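Colleague: next one to model:
(one chain, ligands or ions: 1)
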Amino acid sequence: MLGDGFGFINMRRLYLNVQKLHKNEIFELGIYPCKIASMQKDDVLRLLRDPSLVQPEKLTLLSNIAAQAEALNMPCCVVGGFVRDLLLRKPVNDLDIVVEGDAIQVGRKLVKAYGGRLTPHFKFHTAIWYLPHSTEFADLITARKEIYEKPGILPMVTPSTIEDDLKRRDFTINAMAIRLDGEGFGEILDPLNGQADLERGLIRVLHPRSFLDDPTRIFRAVRYEVRYSFIMDSVTQGLIDAEVTKVLASLSGERLRHELDLIFDEDGAARMLLRIASLGLVNSIHPWLPDFNQDYADFLDMDIRLDVPADRRTMGYILWFMDLSEDEVFSIAKRLDFTNELALSVWAAAQLRRSLITLFDSKPSVWTYALEKLPLLSIYAVYLVTRVQALLDYISLWRHTRPHTTGDVLKARGLPPGPRYGEILTQLRSAWLDGVIDSTESEKKLLESLLQSEK
Ligand code: CTP
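Modeller: Model (predicted):
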């Protein structure tokens, strides 16, 4: 909606566009019952009961958790993305529950009352409760205070109040809670004015050291900007300075890749990467990191008809790094802590793209034996970018082509065990691929002549 040149258009104009779009969509079209900033308990209860936003099982889950926390006399809230998305009238996803008290104790009580399984993390006083006979789960968190001793290093935590727990968070729009226990069910806790920022479409950190404490928050901000057509407020964006960039450069490959993985999970991934580049962050991740080619953006959505295993993240990295040299690919793969499989997929695509020229006039059998060693997704990515027909023929047709003759047939014909089995079967397959034979009859004839030559 904001146009492809997201990272390059004048920021003020962009801001105004966002404001306009946001107001139009939200208020003038009457999508919301009232402005987000003035929503109260009754509005929240209405939203919570809207099955298009909160599945009924999730609502039951919330009240079950609330009942157990209340029995333990512990105030408890749902927080973060759930509240943000609910107020935006978007379907909610994960359940993050904060408890003033021991979350593991609440978890144990839930398992006792409703079954399921608990995975406690004693170090952080958190637990994940997996519901019985369901894929649903809830993150149970002991309300805490965080102290960052060193930039970029994970913080020290101590148990505290829900209000303190909100203050340790990344942005005002993620620092809101909805109370679940007792009479307070449905009340909004918004000590940092997240509702107002949500209404204005602004992403604002809670304190000036936020990005220094955790530079991955920049990636999170960019995800929200593109996902919701929001924008960082100018003070927040101004905090992305040389010092923050330096801390970002020191983050582990695993943490950086996790953020990039989350970006590739989103519809606006290509625009998010463009935005990260426009913030001057790409070089601090790796000096050879290229811009994501925006012409490839649509290729992130796979064509499932082709029966190629779909994996947006792998596809994203392949498209991003396909035009790099072997050295560049491996250096970036090392920095971002790629698995061997992911590094191989990216390398294979880059190699294939470079060597296409040597295959151009080859027979289908030559294409097939060259491509067969490479991951299917890498081949598909190179096809999308180059539109070389042979690649599509391989994916949809050639790779499935097999002769009717099998090893058992050759054995029955008295061929002694040895490498000739493979050779004969390969010759038959090549003949099918290259159109030399096209029927069971012609395959039989060819087989006879090959067996004759054995004698
Ligand atoms: N959070 C944070 N700083 C981070 C990561 C998370 O403060 N670096 C907090 C935010 O309050 C966030 C909550 O933890 O809302 C849950 O994090 P997560 O599940 O990663 O994000 P969601 O808010 O659920 O957003 P998304 O839709 O992107 O998953």
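
Colleague: state the helix or strand in which residue 438 lies.
Modeller: In the assignment (DSSP states H and E), residue 438 maps to no helix and no strand.

Colleague: check it and give its pLDDT.
Modeller: Note on residue 438: pLDDT of 92.

Colleague: what's near enough to touch it?
Modeller: By CB atoms under 8 Å, 6 or more residues apart in numbering, the contact list for residue 438 reads residue 432. C-betas here are computed from N, CA, C, even on glycine.

Colleague: now it: how far from residue 184?
Modeller: 75 Å (CB to CB, to the nearest Å).

Colleague: same question, residue 407
Modeller: 72 Å.

Colleague: who has more neighbours out of these two?
Modeller: Neighbour count, other CB atoms under 10 Å: between residue 407 and residue 184, residue 184 has more, with 16 against 13.

Colleague: contacts only, for the more buried one.
Modeller: residue 75.

Colleague: could you list the residues of the stretch 101-250 of the chain in contact with the ligand?
Modeller: Counting by CB under 6 Å from any ligand atom, the stretch 101-250 of the chain comes close to the ligand at 169-170, 174, 214, 216-217, 220, 223.

Colleague: remind me, longest helix of the protein?
Modeller: Secondary structure of the chain per DSSP state H: the longest helix is helix 340-359.

Colleague: for that one, name the packing helices and strands.
Modeller: Contacts defined by 3 or more CB pairs under 8 Å, 6 or more residues apart in numbering; DSSP states H and E place helix 340-359 against helix 312-321, helix 326-335, helix 364-371, helix 376-386.

Colleague: pick the most deeply packed of the ones you listed.
Modeller: helix 312-321 (a mean of 23; mean count of other CB atoms under 10 Å).

Colleague: can you list the domains in the chain?
Modeller: Here the domain assignment for the chain is 1-30+208-285, 32-200, 286-400, 407-452, based on automatic domain parsing.

Colleague: can I get the helices and strands packed on helix 340-359 in a markdown table including distance to residue 421 and mean pLDDT?
Modeller: As requested, the helices and strands packed on helix 340-359 are arranged in a markdown table below (distance: least, CB to CB, whole Å; pLDDT from 0 to 100):
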| stretch | distance to residue 421 | mean pLDDT |
| --- | --- | --- |
| helix 312-321 | 35 | 96 |
| helix 326-335 | 35 | 97 |
| helix 364-371 | 17 | 96 |
| helix 376-386 | 26 | 95 |
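
Colleague: closest one to residue 247 among those helices?
Modeller: Residue 247 lies closest to helix 326-335 among these, at 15.8 Å (CB to CB).

Colleague: and the contacts of that closest one?
Modeller: 253, 256, 285-286, 288-289, 321, 324, 342-343, 346-347, 350-351.

Colleague: where do the strands of the stretch 201-350 of the chain begin and end?
Modeller: 202-203, 231-232 (DSSP state E, counting those that start in this stretch).

Colleague: and if you look at the stretch 1-150 of the chain?
Modeller: 76-79, 95-99, 117-121, 126-130, 137-142, 144-147.

Colleague: list the neighbouring strands of the first one plus their orientation.
Modeller: Read that as strand 76-79. strand 95-99 (antiparallel), strand 177-179 (antiparallel) (DSSP bridges).

Colleague: run the chain-centre distance for that strand.
Modeller: On the basis of CA atoms, centre = their mean, to the nearest Å, strand 76-79 sits 25 Å off its chain's mean C-alpha point.

Colleague: I'd like to know how many residues surround residue 107.
Modeller: Residue 107: 25 neighbours (other CB under 10 Å).

Colleague: and the residue of the stretch 251-400 of the chain closest to the ligand?
Modeller: residue 262 (6.8 Å; CB to the nearest ligand atom).

Colleague: excluding chain neighbours, what is closest to that residue?
Modeller: residue 223 (6.7 Å; CB to CB, 6 or more residues apart in numbering).

Colleague: give me the neighbour count for the one you found.
Modeller: Residue 223: 22 neighbours (other CB under 10 Å).

Colleague: repeat for residue 88
Modeller: 20.

Colleague: ok, residue 425 - contacts?
Modeller: Per CB under 8 Å, 6+ apart, neighbours of residue 425: 403, 405-407, 410.

Colleague: any chance of those in a markdown table, plus distance to the ligand, secondary structure and pLDDT?
Modeller: Listed next are the contacts of residue 425 as a markdown table, based on distance: CB to the nearest ligand atom, whole Å; DSSP: H, G, I helix; E, B strand; the rest coil; pLDDT from 0 to 100:
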| residue | distance to the ligand | secondary structure | pLDDT |
| --- | --- | --- | --- |
| 403 | 50 | coil | 95 |
| 405 | 53 | coil | 94 |
| 406 | 50 | coil | 92 |
| 407 | 51 | helix | 91 |
| 410 | 56 | helix | 91 |
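
Colleague: and which of those residues is nearest residue 270?
Modeller: residue 403 (43.0 Å).

Colleague: who's in contact with residue 399?
Modeller: With CB under 8 Å, 6+ apart, residue 399 has these contacts: 368, 371-372, 376.

Colleague: save the residues you listed as JSON lines, and put in distance to the ligand too.
Modeller: Below are those laid out as JSON lines (distance: CB to the nearest ligand atom, whole Å):
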{"residue": "368", "distance to the ligand": "42"}
{"residue": "371", "distance to the ligand": "37"}
{"residue": "372", "distance to the ligand": "39"}
{"residue": "376", "distance to the ligand": "30"}
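
Colleague: separation between residue 322 and residue 224?
Modeller: 28 Å.

Colleague: among the contacts of residue 399, find me the one that's closest to residue 197.
Modeller: Once CB to CB is applied, the member of those that ends up nearest residue 197 is residue 376, at 44.4 Å.

Colleague: and the gap between the closest one and residue 435?
Modeller: From residue 376 to residue 435 the distance is 24 Å (CB to CB).

Colleague: again, but for residue 115
Modeller: 61 Å.

Colleague: for residue 387, the count of nearby residues, please.
Modeller: 9.

Colleague: which residue lies nearest the spatial centre of this protein?
Modeller: By CA atoms, centre = their mean, the chain has its centre lying nearest to residue 265, at 2.7 Å.

Colleague: please consider this matter closed, and thank you.
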